[in-house]
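[1] Would you be able to build a 3D model of this:
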Amino acid sequence: MTESKTKAKLVDVARQLFARMGIENTTMNDIALASKKGRRTLYTYFKSKDDVYMAVVESELELLLDTMKQVSEKDISPDEKIIEMIYTRLDAIKEVVYRNGTLRANFFRDIWRVEKARKRFDEKELVLFRNVLREGMEQGVFQIDDVDLTTQLVHYCVKGIELPYIRGSIGANLTDEELNKYVVNIVFGALRRKGATQQS
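    This is a model prediction of the structure:
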């Protein structure tokens, strides 16, 4: 097994153990035994359980980024694309949190530690949003004075609704159509679509 495959297997085994037993109740020895790789191999890749946990978070975020990239490459209009990217992001993070069982509690309790791991993800996500906004400008769908600032605004609007969305305190009593309307309003409030000022 190659080095990258070995590391990926260790991370996947750790994710399953963390989800089932909780991070506090999982030891490095548990991960080594469950992966059938041994403690020496585990410590070759990770110095501590905290390192393993951060690797689990980063691997989940990489999967999310790949999914968002697929949406950004779809042959649909830029305004539809950016909305789909936002829903993909919100739903994927919600799924990660719920799928990983006891990791859910850690996600909320250790949100700032998770945020550190998300810094690289955020930078890559900003590139995806920026590319779609530029595409929308080129096609005449968006009228944007400052693409970088607008990218930051859209990104932070989405981050702002992420935790309430995961917890169900946003959209819990709304139909999909109503929730979609709110998300569209949030995004296009930051975007200022071409022609929106003439209609209002």
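[2] So for the strand or helix carrying Glu135, mean pLDDT?
    Assigned by DSSP states H and E, Glu135 belongs to helix 119-138. Taken as a whole, helix 119-138 has an average pLDDT of 91.
[3] same deal with stretch 21-37?
    Stretch 21-37 comes out at a mean pLDDT of 90.
[4] Give me the buried positions along it.
    Across stretch 21-37, burial judged by 16 or more other C-beta atoms under 10 Å covers Ile23, Thr26, Met28, Asp30, Ile31, Ala32, Ser35, Lys37. To be clear about C-beta, it is placed using only N, CA and C from the backbone, and glycine gets the same treatment.
[5] for stretch 48-66, same thing?
    Residues of stretch 48-66 classed as buried by neighbour count (16+ other C-beta under 10 Å): Lys49, Val52, Tyr53, Met54, Ala55, Val56, Val57, Ser59, Glu60, Leu61, Leu64, Leu65.
[6] who's in contact with the fifth one?
    Just to be clear, that refers to Ala55. Shown in contact with Ala55 (C-beta atoms under 8 Å, 6 or more residues apart in numbering): Lys7, Val11, Ala14, Phe46.
[7] longest helix anywhere in this protein?
    Longest helix in the chain, counting residues (DSSP state H): helix 49-72.
[8] what is the mean pLDDT for it?
    Across helix 49-72, the average pLDDT comes to 89.
[9] for whichever helix or strand comes after that helix, packing partners?
    From helix 49-72 onward toward the C-terminus, using DSSP H and E, the following helix or strand is helix 78-99. Under the contact criterion of 3 or more C-beta pairs under 8 Å, 6 or more residues apart in numbering; DSSP states H and E, helix 78-99 touches helix 49-72, helix 103-109, helix 119-138, helix 147-167, helix 176-191.
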